[in-house]
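S.K.: Mind looking at a prediction? Sequence and model below.
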Amino acid sequence: MIQAQTANSGIVGQAITYEKIPTQIYADAKDASSAVAKEIADLIRIKQKEGKPCILGLATGSSPKTVYAQLIKMHREEGLSFKNVISFNLDEYYPMQPDSIHSYVRFMREQLFDHVDIPQENYFIPDGTIPPALIADFAQRYDNKINAMGGIDFQLLGIGGNGHIGFNEPGSLINSRTRLMTLDHSTRAAAAMEFGGLHQVPKKAITMGVASIINAKRVVLLAWGERKAPMIKAAVEGPVTELVPASYLQAHPNVAFFVDERAANDLTRVKTPWLVDTVEWDNSMIKKAVTHLSFTLQKPILKLTTKDYNDNGMSDMLAAHGSAYDININVFNQLQHTITGWPGGKPNADDTHRPERALPAKKRVIIFSPHPDDDIISMGGTFQRLVDQGHEVHVAYQTSGNIAVADDEAFRFIDFVVDYNQKFGIESQAAMKIFNDAKAFLKQKKDSEIDSSEVRYVKGLIRRGEAKATCRFVGTDHFHFLDMPFYETGTIQKKGISEADVKIIANLIEEVKPHQIYAAGDFADPHGTHKVCWDAIEAALKQLKHKNFMKDCWVWLYRGAWAEWDIHEIEMAVPMSPDQVVKKRYGIFKHQSQKDGVVFQGEDSREFWQRAEERNSGTALLYDQLGLAEYEAMEAFVRWHF
Ligand code: F6R
């Protein structure tokens with residue numbers, strides 16, 4: 001953990017801070033959540049000893065789930081009791097029935113309340129069923145109830161991609177109280193995934209106000225993943241403004257943000273630590289600083305001067321590591337050496353400065369693809385090169401991806417089978433039954449109801465067919481459909497990984513004995529699926545690491561559709577020509593069920609091929625701006641070590 005700095009700008013020997021909110025950065029959400037859960041548990045116990053209730057303000061959303069999981073564990077293993085807890089939730093969609101799968105009542109029961117001993121009469125959640133005319137009165141009573149309890153002792157918060165806290169959207173006033181709010185488009189878009197489409201997301205919510213939140217005695221805000229980084233920076237370092245409601249927390253005397261490294265990425269002490277304190281100028285820090293300087297000054301690396309370094313807080317780097325000229329050349333060469341058109345290694349070539357080994361010239365490769373299209377979207381150009389360069393390329397599709405297929409698409413395929421059977425005189429009562437059942441089911445299906453097992457299976461088959469089409473298009477027939485069990489819930493909410501998931505991965509690795517593994521290292525996937533898929537691979541690799549073949553196995557991580565590695569992290573960059581970019585686009589087009597408005601669009605309205613192209617050309621542009629060769633597009637990888 002990197003400790004939060006205190007505000008002591010300019011004092012000799014102390015770090016300068018740009019942070020106006022104490023911020024604790026942890027390696028991952030799990031570590032941070034354990035610390036937060038411990039703080040909550042300690043408070044509950046202190047209040048118990050004093051014979052007092054512990055008043056908690058609770059949040060929903062993806063961020064607090066790991067905290068709740070940890071609290072449940074403490075309840076089970078350490079006997080932490082919630083009998084003296086009284087809780088007030090921040091918000092609820094409006095209108096919303098409490099038993100809906102989307103309600104925050106249901107969320108809280110599933111994520112926490114049903115697993116601990118909190119009495120049912122002790123938790124309060126804004127009522128999404130109240131008639132419009134009574135909302136103002138309800139809201140007033142909600143605030144009064146909190147005040148009557150003596151106020152909130154500990155308020156847990158997440159932060160929206162637009163800086164909201166609770167559902168206090170940008171524009172909310174610092175003195176706002178519990179009320180009905182109209183949700184921002186970006187908030188609804190972020191929830192569209194859960195609701196199965198933007199049109200199904202409620203337009204309003206009842207939320208505690210900013211004042212209700214700020215009155216809490218202690219406030220802790222959680223943020224995980226790079227998606228949150230810009231708003232964490234704005235709230236922690238920027239001015240207090242109604243445009244970023246979380247920035248109001250700067251005024252709170254006892255607030256802390258608990259964030260993971262990715263969410264902290266834009267903070268000055270992480271992005272440009274040399275502007276905050278003395279840093280150790282190791283190779284990675286030098287690379288980070290030089291590339292940053294080059295982008296900031298919009299100058300290629302080889303043109304950076306001593307003055308540029310001195311003017312930007314890097315004179316100690318020059319003092320310790322030689323002249324600007326030497327540093328420029330050194331970093332330039334390192335970046336140059338990451339570029340290769342031979343992702344499987346270049347045979348008969350000196351590989352001293354290449355990202356991959358020359359030998360064996362023909363490698364066995366497994367590309368792990370969490371969903372059935374991540375292989376082509378995230379590394380389609382590299383996949384193609386590996387096949388073209390004669391390696392034995394296996395693709396392992398980790399999950400069926402069945403929840404992301406629209407109902408009418410499934411029905412079209414079932415209908416096709418019936419027509420096909422009729423045309424060719426194939427008697428199949430079973431196909432007819434599936435057709436009739438599916439028709440009946442889909443006709444009466446309520447919004448976001450879980451599909452019947454047949455419909456789910458058909459949806460999985462559609463995605464399987466698309467993945468096979470991509471493999472054929474690229475030129476491999478080594479495809480493996482792993483259908484990892486954790487995914488098969490039929491809802492966005494997945495199970496945790498089990499031994500069975502890990503075994504499936506380990507068995508495949510053992511069977512193929514790969515020299516290279518490619519996996520999605522995209523840990524901030526909003527669905528969470530990529531992270532679970534990686535956890536299973538990591539667990540399998542750890543199980544297998546003593547096997548002989550593993551000594552020759554290198555693991556490369558690509559990033560999913562959301563973000564690219566930072567330029568100084570990249571260890572292999574595979575360039576693509578304009579033709580290769582177009583070929584990759586056609587490979588992505590094979591995933592027809594994911595085109596023209598996908599089920600889980602999220603906040604980004606671009607189609608997957610557009611996101612991939614913009615990201616890959618963006619990476620190429622960064623290399624170009626640094627003064628390296630100008631390519632049409634590039635795919636980037638980082639090597640993973642045990
Ligand atoms: C939830 C809430 C929201 C969320 C925020 C972040 O009760 O009030 O402010 O905390 O939208 O959501 P996640 O954690 O899903 O990214």
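M.R.: All right, it came through fine.

S.K.: Contact partners for the spatially closest residue to Phe473 that is not a sequence neighbour?
M.R.: Once flanking residues are discounted, Phe473 sits nearest to Gly587: 5.4 Å by CB to CB, 6 or more residues apart in numbering. Glycine gets a C-beta too; all of them are placed from N, C-alpha and C. Going by CB atoms under 8 Å, 6 or more residues apart in numbering, Gly587 touches 376, 380, 384, 470, 473-474.

S.K.: now the stretch 351-500 of the chain, which segments are flagged as low pLDDT?
M.R.: Where the stretch 351-500 of the chain drops to pLDDT under 70, the residues are 446-449, 491-493.

S.K.: Spell out the residue ranges of the helices in it.
M.R.: 374-388, 407-423, 429-444, 453-474, 499-512 (DSSP state H, counting those that start in this stretch).

S.K.: looking at it, Asp388 is touching Gly475, isn't it?
M.R.: Yes - here Asp388 reaches Gly475: they are 7.4 Å apart, a contact under CB atoms under 8 Å.

S.K.: for the stretch 1-150 of the chain, what spans make up the helices?
M.R.: 29-50, 65-78, 104-111, 135-148.

S.K.: deepest of those helices, which one?
M.R.: With neighbours taken as mean count of other CB atoms under 10 Å, the helices of the stretch 1-150 of the chain reach their highest mean count in helix 104-111, at a mean of 20.

S.K.: From the contact counts, what lies against that helix?
M.R.: Contact here means 3 or more CB pairs under 8 Å, 6 or more residues apart in numbering; DSSP states H and E; on that basis helix 104-111 packs against helix 65-78, strand 91-94.

S.K.: Get me the contact residues on the stretch 151-300 of the chain for the ligand.
M.R.: With CB under 6 Å from any ligand atom as the criterion, the stretch 151-300 of the chain comes near the ligand at residues 158-160, 164-167.

S.K.: and the residue of the stretch 101-250 of the chain at minimum distance from the ligand, how many neighbours does it have?
M.R.: Closest to the ligand within the stretch 101-250 of the chain is Gly158: 2.4 Å, counting by CB to the nearest ligand atom. Neighbour count for Gly158, taken as other CB atoms under 10 Å: 21.

S.K.: interface residues of this protein facing the ligand?
M.R.: Residues of the chain lying near the ligand (CB under 6 Å from any ligand atom): 59-63, 90-91, 158-160, 164-167.

S.K.: Distance to Arg218 and pLDDT added to those, as CSV?
M.R.: Shown next, in CSV, are these (distance: CB to CB, whole Å; pLDDT from 0 to 100):
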residue, distance to Arg218, pLDDT
Ala59, 14, 98
Thr60, 19, 96
Gly61, 19, 92
Ser62, 22, 88
Ser63, 17, 93
Leu90, 15, 98
Asp91, 19, 98
Gly158, 16, 97
Ile159, 17, 97
Gly160, 21, 95
His164, 20, 98
Ile165, 15, 98
Gly166, 16, 98
Phe167, 21, 98
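
S.K.: so which of the residues you listed comes closest to Ser294?
M.R.: Ile159 (31.2 Å; CB to CB).

S.K.: okay but the closest one is in contact with Ala235, surely?
M.R.: Yes - contact status for Ile159 versus Ala235: in contact at 6.8 Å, counting by CB under 8 Å.

S.K.: shared neighbours of those two, anything?
M.R.: With CB under 8 Å, 6+ apart, Ile159 and Ala235 have common neighbours 221, 246.

S.K.: Give me the distance from stretch 345-356 to the chain's centre.
M.R.: 33 Å (CA atoms, centre = their mean, to the nearest Å).

S.K.: Can you point out the buried residues in that stretch?
M.R.: By neighbour count with 16 or more other CB atoms under 10 Å, stretch 345-356 contains the buried residues 345-346, 351, 354-356.

S.K.: likewise stretch 410-421?
M.R.: For stretch 410-421, by 16+ other CB under 10 Å, it's 410-411, 413-414, 417-418, 421.

S.K.: my read: Leu71 touches Ile40, true?
M.R.: Yes - the pair Leu71 / Ile40 is scored as a contact, 6.5 Å apart, by CB under 8 Å.

S.K.: quick one: low-confidence ranges for the chain?
M.R.: For the chain, the ranges with pLDDT under 70 are 1-13, 193, 196, 446-449, 491-493, 524-527, 561-562, 596-605.

S.K.: Report the inter-axis angle for the lengthiest strand in it versus helix 374-388.
M.R.: Counting by DSSP state E, the longest strand found in the chain is strand 633-640. If you take axes from the mean of the first three to the mean of the last three CA atoms, to 10 degrees, strand 633-640 sits at 90 degrees to helix 374-388.

S.K.: Off-centre distance for strand 633-640?
M.R.: Taking mean C-alpha positions (CA atoms, centre = their mean), strand 633-640 and its chain are 18 Å apart.

S.K.: Report the contact partners of the nearest residue to Arg357 once chain neighbours are set aside.
M.R.: Closest residue in space to Arg357, ignoring its immediate chain neighbours: Gly345 at 4.9 Å, by CB to CB, 6+ apart. Neighbour list for Gly345: 351, 354, 356-359, 361, 363 [criterion: CB under 8 Å, 6+ apart].
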